[in-house]
Every structure is written in C-alpha cells, then in structure tokens.
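Asker: Predicted structure and sequence below. I'll ask about it afterward.
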There are 2 protein chains.
Amino acid sequence: MSQAPQKHDVFQAIADPTRREVLRLLSQKEMPISKITAYFPISRTAIAKHLHVLSDAKLVSGRKEGRERIYQLHPEPLEEVQQWISFYEKFWSNKLSILKHIVENDDKNH
Amino acid sequence: MSQAPQKHDVFQAIADPTRREVLRLLSQKEMPISKITAYFPISRTAIAKHLHVLSDAKLVSGRKEGRERIYQLHPEPLEEVQQWISFYEKFWSNKLSILKHIVENDDKNH
DNA sequence: TCAACGTGAAACCAAAAGGTGTTATATTAA
DNA sequence: TTAATATAACACCTTTTGGTTTCACGTTGA
C-alpha cells in the first residue's frame, strides 16, 4: 500500500470507511491489531495496511508491548479537517454561527 | 474515473486536493468548466472528471446556459463530515466545548 | 527448549483513480 | 450556412488502492 513517509494526508486517511471505523474503535480503547481485525470481515494484513495509512497521517501510533503492538488514537490531525470545513459552515449554519465564532475567537486570546 | 450513480461519497470527494480547491473556487462564484480549468495545470477533461466525482457526492451541480454549463456549489453534504468530526472535537477542544454543545443543542429545539 | 502466538513484511492481483489526447455534438457569431 | 466555441464522451495509459496468501521473526508459556 505504501511505506514512504508523509505520503498520506489526513483527508485521504479518513476517505475510507474501514479506516474511519478503526478510528472510532481506537477512540474508545487502544488495542492490538488482532483485536481490531476481529471487528472486520477482512484480513489482518489488510487492517495492517489501513493502520499504516493512518500512521502516515499521524492519526495513530503503535507501541510494542511483549509480543503485541498496541495501537493508539491521535486525533489531533483531524483539527485540520475541522478547520477546513469551518470555512463552509457559514453556508448552512444558522443564527448561532456568530456566537460560536465569537466564543472560539475569544478563547484564542487566553 | 467513474459514471455509476451514487458511487462517490463526500469523504472520498474531499480527499483530493484538486477537488477541494475546486470547491473553494465555486464557493466564491459559480463558473463554467473552462474558467475552473484556468486555475489548474491539468486538462479540462481531468477537471471534468473531478466535477463528476463532486457531482456524485452532490457537492456541485451544473446548469446549461447557452453553450456553457455553469457549475455551482452545494455545500450541504459537507455537514455529514462536520457531524463526523464533531465526535472527535472532545479530544482536543477546550473548556468552551461544553458551551458550544449547549448552544448547538438548544438550536435544535427551535 | 520449543511449539504456539502475534505480528510485520513481501509478492502478487484486480480494480479504481487520475491523468492524457481525440472525437462528437450543440450553440452562437459572422 | 458555416466557422469557432464550449463542452461532453470515449479510448487509453500509468500509478495507487485495497485486498489476498505466504513467509519470517521475536516473544512467551509449558
């Protein structure tokens, strides 16, 4: 699938439904790859490749623990997506968008 | 690239940087494909395919006007992305997240 | 010590993605 | 009516994606 560093960005990483589900699982609890695989109808190797893509995008990391490797969520890169989408919020968002905007900007000054 | 209906979802549509840039352009002003193409180093045919993907995801539509076809942004499907990402907000967001949550929930009751 | 376990990595494959150039068709201006 | 314009549609190509099976290797429990 890929091994070159920095090859996958966060938008690409979340494009695949399986990867989004992996993120959701890891958001509840860190776990080794075999545990993750149990939730899906595909092979462990396929999951490993998805984890590689997520790792490229800095969304997960794994630490070795005995003979297992525990994978863990790092949600921070998703902020980039949130920022991107916030530009479009104005098109659908309602009367509260201004308040939200003020709230968020105020926070940045602390 | 594709022509089967409903094949591309919004997450896939925004995965490509060119398509994100097309969305940004159309957010400022509707325009025909040749105008869009002028902003990119790739062929009009390639842009047409990107527009097809965006159209599958209901993010753009085109209306014929004389011999031109004017493409227009429909940002609504991005709400799905926003909703998805809002689940992860709690991981990075600060003390104001609770207020924002209240604000948003209050709005739903109107 | 050694078999079983959990994993990563390699080789392979079909299909999809992202691009190209060419051709066909409708519209408009002269 | 005819040439130029704007676009869509087609055929084609290369790389990437998402999956498989197989193999090698470190760790651990008996």
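Answerer: Nice, thanks for sending it over.
Asker: so for the longest helix seen in chain A, what's the average pLDDT?
Answerer: In chain A, assigned by DSSP state H, the helix with the most residues is helix A:78-92. Helix A:78-92 carries an average pLDDT of 92.
Asker: is that helix anywhere near chain B?
Answerer: Yes: if you take Cβ under 8 Å from any Cβ of the partner chain as the test, helix A:78-92 does meet chain B, through A:78-79, A:81-82, A:84-85, A:87-89, A:91-92. All C-beta spots, glycine's among them, are computed from the backbone N, C-alpha and C.
Asker: Over to stretch A:12-21?
Answerer: Yes: shown here: stretch A:12-21 in contact with chain B (Cβ under 8 Å from any Cβ) through A:12, A:14-17, A:20.
Asker: Widest-spaced pair of the residues you listed?
Answerer: Spanning the widest gap among these are A:Q12 and A:P17, at 13.4 Å by Cβ to Cβ.
Asker: Now do the spatially most central residue of chain A against DNA strand C, distance only.
Answerer: Residue closest to the mean C-alpha point of chain A, counted by Cα atoms, centre = their mean, is A:L59 at 4.6 Å. Relative to DNA strand C, A:L59 is positioned 15 Å away (Cβ to the nearest atom of the strand, to the nearest Å).
Asker: ok, that residue touching A:L73?
Answerer: Yes: if you go by Cβ atoms under 8 Å, A:L59 and A:L73 touch, sitting 7.0 Å apart.
Asker: what residues do the two have in common as contacts?
Answerer: The contact sets of A:L59 and A:L73 overlap at A:L23 (Cβ atoms under 8 Å, 6 or more residues apart in numbering or on different chains).
Asker: quick one: contacts for A:L23?
Answerer: Shown in contact with A:L23 (Cβ under 8 Å, 6+ apart): A:14, A:54, A:59-60, A:73, A:75, B:88.
Asker: any idea how far A:Y88 is from the nearest residue to A:P77 once chain neighbours are set aside?
Answerer: In this structure, A:P77 finds its nearest non-sequential neighbour in A:V10, 4.4 Å apart by Cβ to Cβ, 6 or more residues apart in numbering or on different chains. Per Cβ to Cβ, to the nearest Å, A:V10 is found 17 Å from A:Y88.
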